[in-house]
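Peer 1: build me a structure from this.
(2 chains)
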Amino acid sequence: MKDYKIIEVKRSIFEDNDADAEKLRKELAAQGTYLLNLMSSPGAGKTTTLKRTIAILKDELKIGIMEADIDSDVDAKVISETGVRVIQIHTGGMCHLDADMTRQGIREFGTEDLDFVILENVGNLVCPAEFDTGSTKNAMILSVPEGDDKPLKYPLMFSVCDVVLINKCDTLSVFDDFSKEAVEERIHRLNPNAGVIFISAKTGEGFEEWIGWIRKELKEYKS
Amino acid sequence: MHELGIVFHIVKSVEKIAAENQASKVNKVVLQIGEVSTIIPYYLKDCWKWKCSKSEVMDGCELEIETIPAVTLCEDCEETYGTVEYGKTCPYCGSEHTFLIQGNEHQIKEIEVT
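Peer 2: Residues are numbered from 1 along each chain as shown, chains lettered A, B, ... in the order given. Sure, this is the predicted structure:
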């Protein structure tokens, strides 16, 4: 007699995480907190973009920032100077946050009174794209010095994002082989619905459009 | 090292399935991984042994990976071709109106328990 049995599973590896993410999204919707998952490669300017965004919005929205990093709290320190609530999450060596880690962070943080929480994900264009965090929407920052070919190299990341910010546009005169038209065309070929906004976190260029995107999103979310 | 995170998720799911089926030991897990799923079987196997050694029901569990080849369909000439070799451009008619029909799978197919 066979002393073992085969159980047919036929289930996606990510199914567990996807279910966790869906649950978190519902919880956040019930308390009226919008969670934006912000992704980019290291050094694209997430923290600088956040600082400027917070400065413009902090009087009209209750904002919280969750900083996810493998280690250290350098970003959390910079953000805490802006006066908004901030929490540092360490992934303990992992290259991304999953829905369960995000949920633990949200619980610890206490987001009931917040309108808008931005999750600054680990700087990486590969793994964060595969794990749904449970966020309301996904955003990413690509900076001009990284090159306009990144949508070709990291297609999944650009496919899961609702909005892509092209940062450091003040350096376009130096990086003159970066084509705004090419990057936009490449993003839209992967993801026709993604918003593409050209900004400079240093000079404030394009922030009117970016802040407009956030305001519109929050208005639709709350209604 | 995203394979590590993926192994954590697989082990968590398999432990749950084992518990639901009152199994005391999982001897083998069979995965189906697409050729262009971004999961590298070699690294997966590396993380696998270490993670399973931390789990009572999965200690020593064998990992079998079935690779599903990536195939792309061309909308214009309706031919199919190997994605890894030709990418987005159809080798028959040069069209870029092509889409992946298989090869992105990441599935737990079955598990063997006692």
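
Peer 1: what ranges does chain B have for its strands?
Peer 2: B:26-34, B:62-68, B:71-74, B:80-82, B:98-102, B:106-113 (DSSP state E).

Peer 1: just the helices in chain A please.
Peer 2: If DSSP state H is used as the criterion, the helices of chain A fall at A:15-31, A:46-57, A:74-80, A:99-109, A:150-153, A:155-160, A:180-190, A:207-222.

Peer 1: buried set for the shortest one?
Peer 2: Of the residues in helix A:150-153, A:Lys150, A:Pro151 count as buried by neighbour count, 16 or more other Cβ atoms under 10 Å in any protein chain shown. The C-beta positions use only the backbone N, C-alpha and C, and glycine is treated the same way.

Peer 1: CA atoms only: put it into PDB for me.
Peer 2: Listed next in PDB are the C-alpha coordinates belonging to helix A:150-153 (Å, rounded to 0.1, in the frame of the first residue of the first chain):
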ATOM      1  CA  LYS A 150      14.400  51.300 -18.700                       C
ATOM      2  CA  PRO A 151      10.800  50.400 -19.700                       C
ATOM      3  CA  LEU A 152      12.400  47.900 -22.100                       C
ATOM      4  CA  LYS A 153      14.600  46.400 -19.400                       C
END
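
Peer 1: right, and A:Ile54 touches A:Glu81 too?
Peer 2: No. Assessed by Cβ atoms under 8 Å, A:Ile54 is found out of contact with A:Glu81, at 10.0 Å.

Peer 1: who's more crowded, the two?
Peer 2: A:Ile54 (19 against 9; other Cβ atoms under 10 Å in any protein chain shown).

Peer 1: measure that one to A:Ala201 for me?
Peer 2: In this structure, A:Ile54 and A:Ala201 are 11 Å apart, going by Cβ to Cβ, to the nearest Å.

Peer 1: what lies in contact with the lowest-mean-pLDDT helix or strand in chain A?
Peer 2: Within chain A, confidence by mean pLDDT, DSSP states H and E is lowest for helix A:74-80 among all helices and strands, at a mean of 83. Helix A:74-80 is contacted by residues A:Lys46, A:Thr47, A:Leu50, A:Lys51, A:Ile54, A:Ile65, A:Glu67, A:Asp69, A:Val86, A:Ile87, A:Gln88, A:Glu120 when judged by Cβ atoms under 8 Å, 6 or more residues apart in numbering or on different chains.

Peer 1: tell me which residues are up against the longest helix anywhere in chain B.
Peer 2: Longest helix in chain B, counting residues (DSSP H): helix B:2-20. Helix B:2-20 is contacted by residues A:7, A:9, A:11, A:13-17, A:93-96, A:98, A:126-127, A:130-131, B:26, B:29, B:31, B:38-40, B:43-44, B:46-48, B:51-52, B:55, B:57-58, B:106, B:108, B:111, B:113 when judged by Cβ under 8 Å, 6+ apart.

Peer 1: what subset of those residues is buried?
Peer 2: When these are checked for burial by 16+ other Cβ under 10 Å, the buried set is A:7, A:9, A:13-14, A:16-17, A:94-96, A:98, A:127, A:130-131, B:26, B:29, B:31, B:38-39, B:44, B:47-48, B:51-52, B:55, B:57-58, B:106, B:108, B:111, B:113.

Peer 1: returning to that earlier point: hey, least reliable of the helices of chain A by pLDDT?
Peer 2: Among the helices of chain A, helix A:74-80 has the lowest mean pLDDT, at a mean of 83.

Peer 1: now do the buried residues in it.
Peer 2: A:Asp75, A:Ala76, A:Ile79, A:Ser80.

Peer 1: same check, this time on stretch A:19-36
Peer 2: Buried positions in stretch A:19-36, judged by neighbour count with 16+ other Cβ under 10 Å: A:Asp20, A:Ala21, A:Leu24, A:Arg25, A:Leu28, A:Thr33, A:Tyr34, A:Leu35, A:Leu36.

Peer 1: export it as CSV, just CAs?
Peer 2: Listed next in CSV are the C-alpha coordinates belonging to stretch A:19-36 (Å, rounded to 0.1, in the frame of the first residue of the first chain):
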residue,chain,number,x,y,z
ALA,A,19,-5.4,37.5,-1.0
ASP,A,20,-3.6,39.3,1.8
ALA,A,21,-3.3,42.4,-0.5
GLU,A,22,-7.0,42.4,-1.4
LYS,A,23,-7.9,42.2,2.3
LEU,A,24,-5.6,45.1,3.2
ARG,A,25,-7.0,47.2,0.4
LYS,A,26,-10.6,46.6,1.7
GLU,A,27,-9.5,47.6,5.3
LEU,A,28,-7.9,50.8,4.0
ALA,A,29,-10.9,51.7,1.9
ALA,A,30,-13.2,51.2,5.0
GLN,A,31,-11.2,53.6,7.0
GLY,A,32,-10.8,56.0,4.1
THR,A,33,-7.0,55.9,3.9
TYR,A,34,-5.4,56.1,0.4
LEU,A,35,-2.2,54.1,0.2
LEU,A,36,0.2,54.9,-2.6
